[in-house]
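# Attaching a predicted model along with its sequence, questions to come.
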Amino acid sequence: MREVKRRIYYVFSPWLRAFHWIMVVCICVLFATGLMITEPWLIYSVEPTFSGMTTDNIRNIHFLAAFIFMGAFILRIYGFYVNRGDRLFPRFWEGLFWRAIGDVILHYIFVRYEHKSYLRNPIARMSYTLLYVLVAIEVVTGFGMYGANEPDSVSFLLFGWVLTLLGNEFMVHLVHHYVAWFIILFAIGHLYMVIRAEFMEGESEVSSMFSGRKILTHVPLDDYQINHPEEEKTGRRAN
């Protein structure tokens, strides 16, 4: 029996993991309540004069989830400063990043049996950048609509320009609605890819978002970008 040596890399800080799971919950709540706001409906309780599912209550839940999401992003930014594994954006300026992109694409289109080992999948890193763009659109359109009826509010002062840019509140709502669907489609694809990487490629994608650690049998080419493996303290760098 051949002994396989595994290396443990600490990649994701508690701040990033907290943000990730808060984001998951908030996106689900925001999408569900957003659909209810788009198509208002009532579910009456035993007492027909009152219902906790009125449109006003649904909107309040929607707004609360939006503010929690924005607050959680502070954790994401803090993690970026305290842990090298919590990088906000890929290293576009490095040749390794673009070579890794080609390597992984060739694997995904079945030209190569497997791709080289990476701590963070470069295509996934690119997709997260797209996600941040989509979230930014949701933030500016959402807060633009939030302050539309209160011209003196902070929300309107900061995001009222979105109404002018898109012409009217209906167009802002339309953009907000369709971008939400793109985020849900991204989430479905993301869930498939991390489960695939976990079980088919052994990259600890799912488990690392709970523990913060990736357990790999190969030395990843991008290991120099974060701290050394916990198992090895030799100071070695990948070429």
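Noted; the coordinates are in hand.

# Does residue 111 belong to a helix, a strand or coil?
When the structure is split into helix, strand and coil by DSSP: H, G, I helix; E, B strand; the rest coil, residue 111 lands in coil.

# quick one, phi psi at it?
Note on residue 111: its backbone torsions stand at phi -80, psi -30 [degrees, to the nearest 10].

# okay, now it: neighbour count?
The burial metric for residue 111, expressed as a neighbour count using other CB atoms under 10 Å, is 8. (Glycine included, C-beta is placed from N, CA and C.)

# any idea how far it is from residue 214?
In this structure, residue 111 and residue 214 are separated by 25 Å, where distance is defined by CB to CB, to the nearest Å.

# try residue 179
Noted for residue 179: a distance of 31 Å to residue 214, by CB to CB.

# same question, residue 137
Between residue 137 and residue 214 the computed distance is 31 Å (CB to CB).

# So for these two, which residue has more residues nearby?
For residue 137 versus residue 214, neighbours defined as other CB under 10 Å are more numerous around residue 214 (25 against 18).

# Is the more buried one in a helix, a strand, or coil?
Relying on three-state DSSP, one would call residue 214 strand.

# residues contacting the residue lying closest to it once chain neighbours are set aside?
In space, residue 214 comes closest to residue 204 once its chain neighbours are excluded; the distance is 4.3 Å by CB to CB, 6 or more residues apart in numbering. When contacts are counted by CB atoms under 8 Å, 6 or more residues apart in numbering, residue 204 is found next to 198, 213-216.

# Among the residues you listed, which pair sits farthest apart?
Set against one another by CB to CB, the contacts of residue 204 have their most distant pair in 198 and 213, with a gap of 13.4 Å.

# so what sits against both of those two?
Counting by CB under 8 Å, 6+ apart, the common neighbours of residue 198 and residue 213 are 204, 207.

# Doesn't residue 150 lie inside a helix?
No. With three-state DSSP as the criterion, residue 150 is located in coil rather than a helix.

# Can you tell me the element the residue nearest to it when sequence neighbours are not counted falls in?
Residue nearest to residue 150 in three dimensions, not counting chain neighbours: residue 156, with 5.9 Å by CB to CB, 6+ apart. Assigned by DSSP states H and E, residue 156 belongs to helix 154-159.

# Dump the C-alpha coordinates for whatever helix or strand comes next after that helix into PDB.
Once helix 154-159 ends, the next helix or strand along the chain (criterion: DSSP H and E) is helix 161-166. Only the C-alpha atoms of helix 161-166 are listed here, as PDB (Å, rounded to 0.1, in the frame of the first residue of the first chain):
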ATOM      1  CA  TRP A 161     -28.700  59.000  -9.700                       C
ATOM      2  CA  VAL A 162     -29.700  55.500 -10.700                       C
ATOM      3  CA  LEU A 163     -33.300  56.700 -11.400                       C
ATOM      4  CA  THR A 164     -31.900  59.400 -13.600                       C
ATOM      5  CA  LEU A 165     -29.500  57.100 -15.400                       C
ATOM      6  CA  LEU A 166     -32.100  54.400 -16.200                       C
END
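
# elements contacting the helix holding residue 156?
helix 122-146 (3 or more CB pairs under 8 Å, 6 or more residues apart in numbering; DSSP states H and E).
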